[in-house]
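J.: A predicted structure for the sequence below; I have some questions about it.
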Amino acid sequence: MGNEGMDRQDRISNAQERRLVLDCAMQAGSILLKNGAEIFRVEETVARMCSHYGVESEKAFVLSNGIFLTAGSGNEPFYAKVQHIPVSGARLDRVAAVNQLSREIEEKDLDPKEVRLRLQEIEEMPEKSVLVKLMASAVGSGCFCCMFGGSMPDCMGAFLTGFLLYIYVLKLFTPHLSKIIGNIGGGALVTILCMLLCRAGLGESMNYMIIGSIMPLIPGIPFTNGVRDIADGDYIAGSVRLLDAILVFVCIAAGVGLVITGYHGLTGGRLL
């Protein structure tokens, strides 16, 4: 046990290298947290990286939108860093890449400088093309409509609505609107498009079309992670994630409800 501890200390023989290890651990945790990883996964990755390189005094406190990382003892220099991480969308490819890097650190004993370069490459991983995102939204909407019981015309209408919805998400919602206004607008847009398509004959059940088409807006990963964090005892982080997801649900429902209520009033109670 003593020889193992000495070997680890030899890997990071000075304060500058220890700081590099801690910076890498903080960067890895930040990538995981901002891209949809669970709290326990972030804490475990940071702890494993520090432990592998011999930083035994590391302490990490992770919330849904921030990481507090400290280290230092009588034998190690002190280190403290706080990083705010805004609640954002998920990029599970980056989470998988950091997980793979964490495994390679233990298996291949990578140098901290190489780890820093790999983390930088992960942060710069390109997003999917606009066409891929649009088609994923369209296909997902059509498939969900079918799964919930929609007919083939309903699925075709949901396919088209999902495609147009994500144009709105990419061109207007994401760059210009707040989460509340954007999701209300998204729910309203889906409802209006489904109404128009039904009146044009491309669709039989407006309900199934709306249900399928709004699925690209649903925050499934934050909601699931919120429940899992609470189950793991991370009550603050889990509650924040659940509250964020529930806010999105309410905003989408408000957008759909406003359009249906307005249409109901204009047509004297006649719905499609």
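T.: Structure's in. What do you need?
J.: where does this protein have its least confident helix or strand?
T.: Counting by mean pLDDT, DSSP states H and E, the chain has its least confident helix or strand at helix 2-11, which shows a mean of 48.
J.: Gly29 against Glu44, yeah?
T.: No: between Gly29 and Glu44 no contact is recorded; they are 9.8 Å apart, counting by C-beta atoms under 8 Å. In this view, the C-beta of every residue, glycine as well, is placed from N, C-alpha and C.
J.: between those two, which has more neighbouring residues?
T.: In this view Gly29 and Glu44 are compared by other C-beta atoms under 10 Å, and Gly29 has more residues nearby, 26 against 16.
J.: for Gly150, see how far away that one is.
T.: In this structure, Gly29 and Gly150 are separated by 42 Å, where distance is defined by C-beta to C-beta, to the nearest Å.
J.: for Asp234, give me its contacts.
T.: Asp234 makes contact with 39-40, 62, according to C-beta atoms under 8 Å, 6 or more residues apart in numbering.
J.: so what pLDDT did it get?
T.: Model confidence at Asp234, given as pLDDT, is 83.
J.: one more: the one 10 residues further on?
T.: Note for Asp244: predicted pLDDT of 87.
J.: and if you look at the one 3 residues further on?
T.: With respect to pLDDT, Leu247 scores 93.
J.: pick out the residue closest to the middle of this protein.
T.: In the chain, the centroid-proximal residue (C-alpha atoms, centre = their mean) is Ala90; its distance is 2.2 Å.
J.: phi and psi next, for that residue.
T.: Note on Ala90: backbone dihedrals following degrees, to the nearest 10 are phi -100, psi 140.
J.: export stretch 239-249 to PDB, keeping only CA atoms.
T.: Below are the C-alpha coordinates for stretch 239-249, written out as PDB (Å, rounded to 0.1, in the frame of the first residue of the first chain):
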ATOM      1  CA  SER A 239     -35.200  19.100  -7.200                       C
ATOM      2  CA  VAL A 240     -33.700  21.800  -9.500                       C
ATOM      3  CA  ARG A 241     -33.700  19.500 -12.500                       C
ATOM      4  CA  LEU A 242     -37.300  18.400 -11.800                       C
ATOM      5  CA  LEU A 243     -38.500  22.000 -11.400                       C
ATOM      6  CA  ASP A 244     -36.800  22.900 -14.700                       C
ATOM      7  CA  ALA A 245     -38.400  20.000 -16.500                       C
ATOM      8  CA  ILE A 246     -41.800  20.700 -15.000                       C
ATOM      9  CA  LEU A 247     -41.600  24.300 -16.000                       C
ATOM     10  CA  VAL A 248     -41.100  23.200 -19.600                       C
ATOM     11  CA  PHE A 249     -44.100  20.900 -19.400                       C
END
